[in-house]
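1. sequence and predicted structure, then a few things I'm wondering about:
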Amino acid sequence: MPNAVSHRLGWKESIPGPNRFGDSQLIRSAAWGVVAIASALVVGTFVGQGKWLYLIPLAVLPLVVRWPVEMALGLFAIAIPFDEIAIVGGGGGGGTSLTFFVGAATASILCLVGLTHRRFSVPPRAALWWSLFVLWCCISCLWAIDPAAALARMPTAGALLLIYLLSSSIRLTQGERRWVVFLTVLGGCLGSAYVIKEFYQGVSLAGTDRASLVVGGQEADPNGLAAGLLLPTSLAMALFFSNRKRIGKVLAMLALGGIALCIFLSMSRGAALALIVIAVVYLLRLKKWRALVPVASLLLLLVFIPSGFFTRFQEAGNSGGAGRVPIWTAGLEALKHYWVQGAGIDGFPAAYTTYAGFAPEFRGFGRASHNIYLGTAVELGIVGFTFLLLAIRSQFRAVRHAAAKFDPFLVGSEAACWAILVAGFFLDVIWRKYFWLSWIMLNFFTQVPREAQVQPGTQRVDP
């Protein structure tokens, strides 16, 4: 009987020779017995000590063993909306984000599956530019004006690049890609449902009427929360167009409406503009009236939005984009001095402090750029900024070389990337995990599906 794992992965299993180790069924039964006993002991220990949180990995482990690729990437996507409040070992910057451990597990699983099942292939050309971009970030530590901040950024930069390279090098089947999409949307739905419930129960960001993830004493930035939901929003729209059954379309619309409502309640102006970009990309790619159906549903959500959302747009000019314009003015002055080699990765706050006096309005010292393009130019100079543009250009060039027919998931991934870039005009998103996940998702749907790589005459078992 074929092995279940090789059967699902589509590998043609050779006929086994004589069993030198006795009854293989007996060995497997004994192994599972040992695992069951060990699991029972671990569960009993955790329950006895009241550490219920540690039981979650044990519950997920069988799913990861059965579906390693989709569960590894999917769990990473589910954890991203909770990145800022899921802190292990203490909050206030004293702990480690849960997504760090999930990301480490994801990288390990992808590496193991890719090596053991020979599923690695040459990564896309964009991987070269992203690698050079991160490498230049590392090199910039040599002349960084804030060496401590530069060195502190390196583990995150290296980890994100590693996950990107592993995810982009492993070939996924159609089924695996769809499951990753589904789990990404599920993560957005879970985060949005919690935020909406808390908001209508009177819980919001301290001192504001903006919805956000608030758990205990930890609060997520509403702008970052909204930007992190752009990818699930766009993929939920893709699920709507890809489903042929009415129930599937209804569920996709419910997911789309819930996530978009959370974005509106966060009152993030940058994310609201990014939603418009998603709608425009779908309209341009689909070129049919039915693309207006999910767009119209987003407009209907405005009926449920508090008046503060519209007030924020009206006050955008008077407040200078919540103080962003003065920051950008000083940043442009800093760019005149750092445009060649840059101030070093994460050096914008220190550079801003030096030139804060050039701002028309004083907004304090040590401010972030709130703009990935200006921030990258100041921190990494012309070389780093060029690597960033080349990486983005290479990603979108791959879209043009993909299948000519309408692929909802390819359009959804592309629309999410454009939306993230628009959000990047108002928020520092380059080192956010959802920024890199968006490009990873785009790679999934621009690469040739693994089913199409099977050599002629080779037996293939679809998942």
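-> Perfect, thanks for sending it. It should be emphasised that the depicted structure is a prediction, and the values quoted were computed from it without experimental measurement.
2. the residue nearest to L110 when sequence neighbours are not counted: what's it in contact with?
-> Among residues not flanking L110 along the chain, L166 sits closest, at 4.3 Å (CB to CB, 6 or more residues apart in numbering). Placement of C-beta: from N, CA and C, glycine included. If you count contacts by CB atoms under 8 Å, 6 or more residues apart in numbering, L166 has them with 107, 110-111, 114.
3. make a ChimeraX selection of the buried ones in those.
-> In ChimeraX, a selection of the buried entries from the contacts of L166 looks like this (16 or more other CB atoms under 10 Å):
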select :107,110,114
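4. a markdown table for the contacts of L166, including secondary structure?
-> Shown next, in a markdown table, are those (DSSP: H, G, I helix; E, B strand; the rest coil):
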| residue | secondary structure |
| --- | --- |
| A107 | helix |
| L110 | helix |
| C111 | helix |
| G114 | helix |
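5. redo the contacts of L166 as JSON lines? Include distance to L292 and pLDDT.
-> Listed next are the contacts of L166 as JSON lines, based on distance: CB to CB, whole Å; pLDDT from 0 to 100:
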{"residue": "A107", "distance to L292": "41", "pLDDT": "87"}
{"residue": "L110", "distance to L292": "38", "pLDDT": "88"}
{"residue": "C111", "distance to L292": "44", "pLDDT": "88"}
{"residue": "G114", "distance to L292": "41", "pLDDT": "85"}
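6. with adjacent residues omitted, what lies nearest to L230?
-> Using CB to CB, 6+ apart and skipping the chain neighbours, the partner closest in space to L230 is A419 (4.5 Å).
7. oh sorry, the question was meant for L261
-> L301 is the one closest to L261 (CB to CB, 6+ apart), at 5.2 Å.
8. my guess is V340 meets V378, correct?
-> No: V340 is beyond contact range of V378, at 11.3 Å (criterion: CB atoms under 8 Å).
9. counting neighbours, go ahead and name the busier of these two.
-> Using other CB atoms under 10 Å, the more surrounded residue of V340 and V378 is V378, with 29 against 8.
10. re earlier: for the residue nearest to L110, what are phi and psi?
-> phi -70, psi -40 (degrees, to the nearest 10).
11. where's it relative to F387, distance?
-> For L166, the distance to F387 equals 20 Å [CB to CB, to the nearest Å].
12. on that earlier part again, ok, so of the contacts of L166, who is nearest L183?
-> Here the nearest of the contacts of L166 to L183, counting by CB to CB, is L110; it sits at 15.0 Å.
13. for that closest one, what are its contacts?
-> So L110 contacts 69, 72-73, 163, 166-167, 170 (CB under 8 Å, 6+ apart).
14. re earlier: confirm the residue nearest to L230 sits in a strand?
-> No: counting by three-state DSSP, A419 is not part of a strand but helix.
15. wait, it sits on S234?
-> Yes: assessed by CB under 8 Å, A419 is found in contact with S234 at 6.6 Å.
16. and for L251, the neighbour number?
-> 17.
17. swap that for K336, please
-> 10.
18. show me what counts as buried in the strand or helix carrying it.
-> In the assignment (DSSP states H and E), K336 maps to helix 320-338. Residues 320-321, 323-331, 333-335, 338 are the ones in helix 320-338 that count as buried (16+ other CB under 10 Å).
19. what mean pLDDT does stretch 418-436 have?
-> Taken as a whole, stretch 418-436 has a mean pLDDT of 93.
20. swap in stretch 201-221?
-> In this model, stretch 201-221 carries a mean pLDDT of 81.
21. could you do stretch 387-401 as well?
-> On average, stretch 387-401 scores 92.
22. now do the buried residues in that stretch.
-> Quick answer for stretch 387-401 (16+ other CB under 10 Å): 387-388, 390-392, 394-395, 398-399.
23. please apply the same query to stretch 153-163.
-> In stretch 153-163, counting by 16+ other CB under 10 Å, buried: 153, 156-157, 159-163.
24. what comes into contact with that stretch?
-> 76, 100, 103-104, 106-107, 110, 130-131, 134, 137-138, 141, 345-346, 431, 433, 436, 440.
25. now, the residues you listed that are in helices?
-> 76, 100, 103-104, 106-107, 110, 130-131, 134, 137-138, 433, 436, 440 (DSSP state H).
26. only the buried members of these: can you turn that into a PyMOL selection?
-> Filtering those down to the buried ones (16+ other CB under 10 Å) takes a single PyMOL command:
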select buried, resi 76+100+103+106+107+110+130+131+134+137+433+436+440
